[in-house]
Structure formats: structure tokens, C-alpha cells
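Asks: predicted model and sequence follow; I will ask about them next.
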Amino acid sequence: MAVRKRPVIWSPVAETDLPDIWNYYREIAGPQVAESRVRAIGEACMMLEEHPLVGRMRDEISPDFDLCSSVLT
């Protein structure tokens, strides 16, 4: 059975964290590294949109907790 694409929904905190992540890496490693890190986050989000069931369940944290889906919210 094919799984439908689902958009990644960013929490307000996650939206404000992204520029902070870019600025942090720019300061410690330069703009190219900052861009690479933020791009990797974007690519992970695209992968989650295409394959929403990727990841593993973490019932020891909470029943039905999906690590990949929960990290982004």
C-alpha cells in the first residue's frame, strides 16, 4: 500500500530555531557550513514528506512516539 505524502508542519519554536542554527554555524564554522547544516535539515524534511513512515517507534519514550516525526515539531 502506498503512503500519501504529508507535509512537515513546523512549530513556531522550530521556525525561530532555524535562523539561530544558521547563525550559530556561521559564527563557529563559516557561512558555507551554516548553509550546509540548514540545507541538511531541509533535505530531511523533504524526505519525511515523501516517506512519512520512515524512522522508528520509540515506545520507551511514549506510546506511539515516532522519533523522526516528533523531532521536527
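Replies: That came through, no problem.
Asks: what are the buried residues along the longest helix that the chain contains?
Replies: As assigned by DSSP state H, the longest helix anywhere in the chain is helix 31-50. Buried positions in helix 31-50, judged by neighbour count with 16 or more other C-beta atoms under 10 Å: A34, R37, V38, L48. Using the backbone N, CA and C atoms, a C-beta is placed for each residue, glycine as well.
Asks: just stretch 5-14 next, same as before
Replies: So stretch 5-14, judged by 16+ other C-beta under 10 Å, has buried residues V8.
Asks: contacts for the longest helix of the chain?
Replies: 5-8, 18, 21-26, 54, 68-69, 72 (C-beta atoms under 8 Å, 6 or more residues apart in numbering).
Asks: rerun at 10 Å
Replies: 3, 5-8, 10, 14, 17-19, 21-30, 54-55, 66, 68-69, 71-72 (C-beta atoms under 10 Å, 6 or more residues apart in numbering).
Asks: what's the average pLDDT for stretch 10-30?
Replies: In this model, stretch 10-30 has an average pLDDT of 94.
Asks: from the chain's centre, how far out does that stretch sit?
Replies: Relative to its parent chain, stretch 10-30 has a centroid offset of 12 Å by C-alpha atoms, centre = their mean, to the nearest Å.
Asks: and R39, what's its pLDDT?
Replies: Predicted confidence (pLDDT) for R39: 95.
Asks: for K5, same thing?
Replies: Per-residue pLDDT puts K5 at 82.
Asks: check the secondary structure at it for me.
Replies: coil (DSSP: H, G, I helix; E, B strand; the rest coil).
Asks: how near is the residue nearest to it when sequence neighbours are not counted to V38?
Replies: In this structure, K5 finds its nearest non-sequential neighbour in E49, 5.6 Å apart by C-beta to C-beta, 6 or more residues apart in numbering. Remark: distance between E49 and V38 (C-beta to C-beta, to the nearest Å) = 17 Å.
Asks: inside helices: which ones of the contacts of helix 31-50?
Replies: Per DSSP H, those map to helices at 14, 17-19, 21-29, 68-69, 71.
Asks: farthest-separated two in those?
Replies: Farthest-apart pair in these is E27 and S69; separation 30.3 Å (C-beta to C-beta).
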